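**Student:** my questions concern the predicted model and sequence given below.
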Amino acid sequence: MQLIQRWKSLQVRLTVFTAIILMLDDWVFALYIDHILPIASSTHSQIMLVTGLLTIMSTGMLWWLISANLAPLRDAAKKLAHTNKTLLPLVPLPIVKMDEVGQLIQGINDLIQTVGDREVILLEQDRLLVESQRIAGLGSYELDIESNIWIGSETLNNLCGIDNVAHPFKLWENIIHPDDRDIMITYFAEAVIGKREPFDKIFCIIRQSDKEVRWVHGLGRLELNADQKLSRMIGTIQDITDRHNVEVTLGRTEEKIIKLAFYDYLTQIPNRRLFIDKLEPVRAACLRNGHYGAIAFLDLDNFKTINDTAGHNIGDVLLQQVARRIVDCTRPSDTVARLGGDEFVILITDLDGVKSHAAQQAEIVCEKIRIALAGPYMIDGIDYISTPSIGITLFNDNIIPVTDLLKRADLAMYQAKSSGKNTIRFFDPDMQLAVETRNELLTDFKHGIEQKQFVLYYQPQINSQGKMTGCEALVRWQHPTRGTIPPLSFIPLAEETGLIIPLGQWIFQSACEQQAAWRYISELKDLTIAVNMSIKQFNHPEFIDCVQNILTSTGADPTKIELEITESFLVSDVDDLVDKMSILRNLGIEFSVDDFGTGYSSLAYLRHLPLSKLKIDASFVRDILTQPEDLTILKIIVSLGTSLGLSVVAEGVETEQQCAVLANNGCNIYQGYLFSRPLPANELAHYAKNNLTK
């Protein structure tokens, strides 16, 4: 349409311009005639008329000429205008003649073809864009700043379950999830007043149709009008619910993996791996700032008893409560970890730079923990008590390996247990030396059992008439480099490590073999051999069978074998103890209670045990001449034994005065250096011959 109007305007201007030129030419010609030829002519008017007619004819011919040449352009313009109004596909324009105008129309046709091709591409792109937006859940929006009207695309409106019309922005505020509503309203408000740049924010919306919660990702930007004022906000909102759900699932899976890798499954506090990871940077910080840190190793004193008697479920709950109490006693900068079982470790940070002050600070923390853990644990209506033993080691550098630091704290903890439990001890270098010596001794001890480096010595038991009635078998370790090692140096180690079972079995078999050999020696055939027995041996499920097999294989007389137990046996399963003792008693084996008076004795149980002797501990005999209390205890023991029909043997008798006091108070069997030190088997035979000739 604009092209046609322009060509019409050009035709008019050309015609007017030509007429003016011709008229001006005529006027100039007439003026020339009038001035140059002052002669008036009657034909002047005729000339003017002829000139006017010629002008009109030339103008008409010019108009026809221009119209004829511009007709193809006019027709092309009309077709283009009609196509634009009806939105029909563009078609090529007809070419009448391939002149300048035809070439112009050909150029227009080429342009039409290009526009058409691009239109097809744009339509396909629009279709793909709409489809991708539908699939991706991507919708667009426009917010008019002045009217506060929000216009959303069809995809966005479908996502939110609202009509495809313009809505006040307040409606969209109500669609935003309550958890994010205030944040997003503030965010939009600040963006509108220009406090924020184009934004990127994730928030929740609720579809009105089914109240389904959807996660969306919003993008937006602000636009200015001609006056450089905020005009509108435009942007897109994409449904990312599926992606969010996947991310949440992956996040939870990753969290579970981290929990399994770095946290204790029962107490949900850090495990050994995470504790060591946290220890390294703390040590590096101590090295930089010169401050101390501390590791506290904690072990529950009687957890095993609770766990075994009350059940593992109770034990697990108790460990969970222990973990919570420890955490409550520590600072956020400290780390509490469970190493396993009932062992916990605490990393105490930011202590003083002076070692003595740091030790005091660490002790305060651990004392708080000790008091908290010493209180009762209420589980299923029952109070349980499990006190802690705590060992502490300090550090202020990263020179000592982490494993060695933990060992030091562990050693200090064991020192706390050895000191009576429910207490705190610090690591001392002497402890390390003692442990290394112990480890060397343990290694040698294992080799000693394998290489049969142990021998039995026998200490005589003498009655009031001076005659030997029996002896006690005492083990000695003939170490190849250390010489003879007494039992007090290795028996506790054997008990602690469980090696007392194979050692005890060897002792009992050797004693039985010796008794069988003495049956053919007149001076020794009537002697009773007393053998010390460990509670661990007694509790072993194959103990009874082992004793019977040894008696059978050695040919020993069971009536000449006496098993010595301690009062510690009475804190175990007494019914099981009585049953086993009764079985062996029926075989002829006798029983005695060794070190009587040093432990806990229940007289109610004592009178039901198949005993034959009570042995008074040497600690009471040693001071009976100077300590009235010891003499009183001795009298009570002798009286108790007599009333129960038991013989009473006094150990550690070293002087005639002690022997006399014992005899005067009813004790008639003695064992000690007054009569003889422990002797090898061959020397005991010689001692027995001399004893019989007295």
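**Tutor:** Arrived safely.

**Student:** for the residue nearest to Q478 when sequence neighbours are not counted, give its distance to L441.
**Tutor:** Once flanking residues are discounted, Q478 sits nearest to Q453: 5.2 Å by Cβ to Cβ, 6 or more residues apart in numbering. C-betas here are computed from N, CA, C, even on glycine. Distance, Q453 to L441, using Cβ to Cβ, to the nearest Å: 13 Å.

**Student:** the residue nearest to Q478 - how many residues pack around it?
**Tutor:** Q453 has 16 neighbours, counted by other Cβ atoms under 10 Å.

**Student:** next one: R118
**Tutor:** By the criterion of other Cβ under 10 Å, R118 has 10 neighbours.

**Student:** could you do the one 3 residues further on as well?
**Tutor:** Other residues near I121 number 10, with proximity taken as other Cβ under 10 Å.

**Student:** three-state assignment of it?
**Tutor:** At I121 the chain is in helix, as set by DSSP: H, G, I helix; E, B strand; the rest coil.

**Student:** I529 now?
**Tutor:** Three-state call for I529 (three-state DSSP): strand.

**Student:** let me see the contact set for T330.
**Tutor:** T330 sits next to V336, I346, I348, V365, I369 when contact means Cβ atoms under 8 Å, 6 or more residues apart in numbering.

**Student:** ugh, typo on my part, it should be A296
**Tutor:** V345, I346, I348, A362, V365, C366, I369, I390, G391, I392, A409.

**Student:** same check on L138?
**Tutor:** Here L138 is in contact with S132, T155, T236, I237, Q238, D239 (criterion: Cβ under 8 Å, 6+ apart).

**Student:** if we go to 7 Å?
**Tutor:** Going by Cβ atoms under 7 Å, 6 or more residues apart in numbering, L138 touches T155, T236, Q238.

**Student:** of the residues you listed, which is the most crowded?
**Tutor:** Neighbour counts for those peak at T155, which has 22 neighbours (criterion: other Cβ under 10 Å).

**Student:** isn't that residue right up against V216?
**Tutor:** No: counting by Cβ atoms under 7 Å, T155 stays clear of V216, with 11.6 Å between them.

**Student:** circling back to that earlier point, the residue nearest to Q478 reaches R476, doesn't it?
**Tutor:** No: contact criterion Cβ under 7 Å: Q453 and R476 do not qualify, at 9.5 Å.

**Student:** pop out the phi and psi values for the residue most central in space within the chain.
**Tutor:** The centroid of the chain falls nearest to Y263 when counting by Cα atoms, centre = their mean (2.3 Å). Main-chain dihedrals, Y263, degrees, to the nearest 10: phi -130, psi 150.

**Student:** pLDDT score for it?
**Tutor:** As predicted, Y263 sits at a pLDDT of 88.

**Student:** so what's the residue nearest to Q478 up against?
**Tutor:** Counting by Cβ under 7 Å, 6+ apart, Q453 makes contact with W477, Q478, H479.

**Student:** quick one, helices of the stretch 501-650 of the chain?
**Tutor:** With DSSP state H, counting those that start in this stretch as the criterion, the stretch 501-650 of the chain has helices at 535-539, 543-554, 574-587, 603-606, 618-622, 628-643.

**Student:** H291: which of these is closest?
**Tutor:** For those, proximity to H291 was assessed by Cβ to Cβ; helix 535-539 is nearest, at 46.4 Å.

**Student:** what's the neighbour count on L634?
**Tutor:** Neighbour count for L634, taken as other Cβ under 10 Å: 22.

**Student:** swap that for I145, please
**Tutor:** As a burial measure, I145 scores 17 neighbours (other Cβ under 10 Å).

**Student:** which residue, other than its chain neighbours, is closest to it?
**Tutor:** Distances taken as Cβ to Cβ, 6+ apart place L230 nearest to I145, at 5.0 Å, with adjacent residues excluded.

**Student:** pLDDT wise, what is that neighbour at?
**Tutor:** 74.

**Student:** okay, domains of this protein per the record?
**Tutor:** Split into domains by automatic domain parsing, the chain comes to 2-83, 89-131, 137-245, 270-427, 444-692.

**Student:** adding distance to E436, write these out as JSON lines.
**Tutor:** JSON lines is the format used below for the domains of the chain (distance: least, Cβ to Cβ, whole Å):
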{"stretch": "domain 2-83", "distance to E436": "103"}
{"stretch": "domain 89-131", "distance to E436": "78"}
{"stretch": "domain 137-245", "distance to E436": "58"}
{"stretch": "domain 270-427", "distance to E436": "10"}
{"stretch": "domain 444-692", "distance to E436": "13"}
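
**Student:** quick one: residues contacting V336.
**Tutor:** When contacts are counted by Cβ under 7 Å, 6+ apart, V336 touches I269, A323, I326, V327, T330, F344, I346.

**Student:** in strands, which of these appear?
**Tutor:** Counting by DSSP state E, the contacts of V336 place F344, I346 in strands.

**Student:** now the phi/psi pair for L611, please.
**Tutor:** phi -100, psi 160.

**Student:** number of nearby residues for it?
**Tutor:** 20.

**Student:** could you measure from it over to V317?
**Tutor:** Relative to V317, L611 is positioned 41 Å away (Cβ to Cβ).

**Student:** nearest to H447, of the helices of the stretch 501-650 of the chain?
**Tutor:** So among the helices of the stretch 501-650 of the chain, helix 535-539 is nearest, using Cβ to Cβ, at 21.1 Å.

**Student:** show me what that closest one is packed against.
**Tutor:** Packed against helix 535-539 by the contact rule (3 or more Cβ pairs under 7 Å, 6 or more residues apart in numbering; DSSP states H and E) you find helix 500-518.

**Student:** could you check the angle the helix it packs on makes with helix 543-554?
**Tutor:** 30 degrees (axes from the mean of the first three to the mean of the last three Cα atoms, to 10 degrees).

**Student:** got the CA coordinates for helix 500-518 in PDB?
**Tutor:** Provided in PDB are the C-alpha atoms of helix 500-518 (Å, rounded to 0.1, in the frame of the first residue of the first chain):
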ATOM      1  CA  ILE A 500      46.400 -69.100  81.500                       C
ATOM      2  CA  ILE A 501      44.200 -71.900  80.000                       C
ATOM      3  CA  PRO A 502      47.000 -73.700  78.100                       C
ATOM      4  CA  LEU A 503      49.500 -72.900  80.900                       C
ATOM      5  CA  GLY A 504      47.100 -74.200  83.600                       C
ATOM      6  CA  GLN A 505      46.400 -77.300  81.600                       C
ATOM      7  CA  TRP A 506      50.200 -78.000  81.400                       C
ATOM      8  CA  ILE A 507      50.600 -77.300  85.200                       C
ATOM      9  CA  PHE A 508      47.700 -79.700  86.100                       C
ATOM     10  CA  GLN A 509      49.000 -82.500  83.700                       C
ATOM     11  CA  SER A 510      52.600 -82.100  85.000                       C
ATOM     12  CA  ALA A 511      51.400 -82.300  88.600                       C
ATOM     13  CA  CYS A 512      49.400 -85.400  87.900                       C
ATOM     14  CA  GLU A 513      52.300 -87.000  86.100                       C
ATOM     15  CA  GLN A 514      54.500 -86.200  89.200                       C
ATOM     16  CA  GLN A 515      51.900 -87.700  91.600                       C
ATOM     17  CA  ALA A 516      51.700 -90.800  89.500                       C
ATOM     18  CA  ALA A 517      55.500 -91.100  89.600                       C
ATOM     19  CA  TRP A 518      55.600 -90.500  93.400                       C
END
